[in-house]
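*Asks:* Structure here, sequence nowhere to be found:
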């Protein structure tokens with residue numbers, strides 16, 4: 001027996017080895033791939049050897065009872081009938097960063113992952129040495145400065161075989177270690193998928209050392225659950241060639257993360273991309289309708305040459321925006337996804353057509369402000385909207401696409417105007433561009449109008465629902481109607497046109513000089529506060545200077561709770577409206593600075609009582625012979641010569657019906 005020394009500091013090498021805690025199976029994968037390499041090497045050296053067997057045993061803590069949960073995994077036993085730890089392989093094992101297996105993708109560092117996650121590693125290998133079977137055994141531990149390399153003659157009953165035992169799983173990785181054989185088997189298939197695709201793939205058996213779970217033949221599992229296409233597509237990016245193999249998974253459990261693109265190096269999985277983020281129509285519907293999940297396996301020399309030492313990532317820039325590289329990762333993935341789309345075209349086309357039909361129906365009936373995007377941004381819609389989007393997600397995605405369209409449209413408009421100033425521009429070319437640009441602007445503006453018209457439809461629905469009795473048997477308060485028509489405690493100075501809905505009553509009211517809502521005269525909380533007051537210039541409750549000019553006209557609204565029916569001779573909207581007029585005519589209404597709001601006998605008043613015409617209100621109206629019913633029978637009007645005031649009682653039913661009539665042509669045009 002002789003002691004063989006490591007060629008570098010093992011403790012430091014293991015400490016610095018990058019192994020994420022959520023990747024606890026990497027050491028097992030390294031052991032399995034070593035077994036695959038050993039079998040390949042034996043096949044190359046022995047013409048008579050054509051088989052190959054790999055057996056993986058899961059080593060659990062003692063399972064004293066089974067209460068539905070499995071005992072934690074302490075380690076793994078990996079056995080193979082490959083070339084074994086002959087002298088060349090032993091030298092490579094002892095040489096950190098060995099290049100012995102460089103031709104087949106070996107980095108010479110995989111064994112460090114064993115000690116990163118496991119406290120104890122033992123190796124027993126029966127190998128051939130000049131036709132004689134020898135047996136080598138050693139223990140591999142981080143605290144040892146070397147290994148005690150023991151070599152003896154093999155027993156007559158022993159066959160060429162190597163066993164690697166990983167045990168004493170460390171706490172950082174134990175909690176992340178999957179417990180079930182099926183899960184571990186799936187992960188092995190995913191990581192070594194390229195090997196399983198080879199017809200000469202060794203026989204893989206996965207078993208439980210305590211026989212708690214039945215053994216699994218991974219080769220059979222692969223054939224039962226995966227179906228590969230006959231052809232492999234070729235992809236070229238910046239003179240770099242890649243191969244893309246199409247794989248179909250018939251079992252949902254084997255596609256636990258959905259449709260994927262596997263980027264492999266040296267026959268091993270390194271990076272997994274969610275295809276659904278690159279191919280919009282590729283989602284669970286493919287499995288639900290056609291019965292399979294898709295996996296694309298991408299391989300190529302460029303990937304082999306640029307994988308990092310621990311095979312967890314590639315040293316390839318994500319994009320070439322700031323870095324000059326032969327081929328960026330984004331370009332590689334985009335190219336592969338284009339091939340995937342073409343390969344799955346027959347499956348994806350019906351899904352895409354169904355999605356397009358839904359989007360068309362949505363923008364036609366619900367959100368016409370996005371209708372022009374069907375014409376100008378079909379590619380963006382196809383790429384960014386998933387078939388399973390909810391209406392909220394669909395609306396949000398369309399809004400984002402519209403913002404991009406608006407930015408691009410604005411840029412194109414500026415370019416169009418710039419060309420107009422260029423005297424050298426070709427008239428025929430410019431005319432064509434101009435016609436296209438104007439059409440695009442027109443369609444975009446139509447979309448804005450559609451958005452506003454859709455807003456009106458929603459407001460009418462809110463008004464109609466607000467007039468109904470609530471579930472508690474009561475009607476909405478006056479505040480509900482007030483806020484719907486014009487926000488309380490606001491004026492036209494801080495309320496843009498689109499933020500109020502005076503159009504419900506009269507389209508022309510929105511263009512008056514000044515509007516205040518529920519703001520008291522003189523800004524005094526103890527003074528009267530008309531529900532809505534409209535002046536021909538902003539004086540009564542604004543910051544504008546009151547220069548003593550007489551107002552030409554004043555409009556006042558008094559709003560009441562739906563179906564209110566407790567009016568008295570003194571407390572009713574008609575008396576309240578006349579009270580405001582008397583205050584103004586008597587010189588008692590002041591602006592916020594305490595200055596009188598000037599009116600004279602020529603000032604015209606337009607007074608509106610917005611309420612339901614209930615029995616108690618009718619009683620007040622019947623006492624006034626000058627009120628006349630409106631032609632539709634839903635309101636009353638009068639002209640008071642003494643006050644120079646036109647007064648009208650507008651029922652909510654009348655407001656709703658008239659507003660629907662005025663807007664019906666717009667709704668019909670939009671199909672909403």
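*Replies:* It's in. Everything numeric here is computed off the predicted structure, so don't read it as measured data.
*Asks:* Show me what secondary structure element comes after the helix or strand encompassing residue 582.
*Replies:* Residue 582 is part of helix 573-585 when elements are defined by DSSP states H and E. Using DSSP H and E, the helix or strand that follows helix 573-585 in sequence is strand 604-610.
*Asks:* Beyond that next one, next helix or strand please.
*Replies:* Assigned by DSSP H and E, the successor of strand 604-610 is helix 615-622.
*Asks:* What is that next one packed up against?
*Replies:* helix 573-585 (3 or more CB pairs under 8 Å, 6 or more residues apart in numbering; DSSP states H and E). Quick note: C-beta positions are derived from backbone N, CA and C, even for glycine.
*Asks:* contacts for the helix it packs on?
*Replies:* 521, 528, 530, 554, 556, 558, 560, 567, 569, 589, 597, 599, 603, 605, 607-611, 617, 620-621, 624, 640, 643, 645, 647, 649 (CB atoms under 8 Å, 6 or more residues apart in numbering).
*Asks:* go again using 6 Å as the cut-off
*Replies:* 530, 556, 558, 560, 589, 599, 605, 607, 609, 611, 643, 645 (CB atoms under 6 Å, 6 or more residues apart in numbering).
*Asks:* burial count for the fourth one?
*Replies:* Same thing as residue 560. As a burial measure, residue 560 scores 21 neighbours (other CB atoms under 10 Å).
*Asks:* Between the two ends of stretch 161-180, how far is it?
*Replies:* End-to-end span of stretch 161-180 (CA to CA, to the nearest Å): 26 Å.
*Asks:* can you count the residues close to the residue nearest to residue 384 when sequence neighbours are not counted?
*Replies:* Distances taken as CB to CB, 6 or more residues apart in numbering place residue 397 nearest to residue 384, at 5.5 Å, with adjacent residues excluded. Look at residue 397: counted by other CB under 10 Å, it has 19 neighbours.
*Asks:* now do residue 531
*Replies:* 25.
*Asks:* Kindly provide the distance from the residue nearest in space to the middle of the chain to residue 88.
*Replies:* Centroid-nearest residue in the chain, with CA atoms, centre = their mean: residue 393, separated by 8.0 Å. Applying CB to CB, to the nearest Å, the value for residue 393 to residue 88 is 59 Å.
*Asks:* Poorly predicted segments of the stretch 201-350 of the chain, please.
*Replies:* Within the stretch 201-350 of the chain, the stretches with pLDDT under 70 are 227-231, 252-257, 309-311, 320-325.
*Asks:* And the helices in it, which stretches?
*Replies:* All helices of the stretch 201-350 of the chain, identified by DSSP state H, counting those that start in this stretch, fall at 218-225, 284-290, 301-305, 329-343, 345-365.
*Asks:* what's across from the residue lying closest to residue 534 once chain neighbours are set aside in the sheet?
*Replies:* Nearest residue to residue 534 in three dimensions, chain neighbours excluded: residue 555, at 3.8 Å (CB to CB, 6+ apart). Beta-bridge partners of residue 555, counted by DSSP bridges, are residue 534, residue 606.
*Asks:* For residue 234, find the nearest of the helices of the stretch 201-350 of the chain.
*Replies:* Ranking these by proximity to residue 234 (CB to CB) places helix 329-343 first, at 8.8 Å.
*Asks:* and that closest one, how far out from the chain's middle?
*Replies:* On the basis of CA atoms, centre = their mean, to the nearest Å, helix 329-343 sits 21 Å off its chain's mean C-alpha point.
*Asks:* Going by neighbour count, list what's buried in that helix.
*Replies:* Neighbour counts over helix 329-343 (16 or more other CB atoms under 10 Å) mark 329, 331, 332, 333, 335, 336, 337, 339, 340, 341, 343 as buried.
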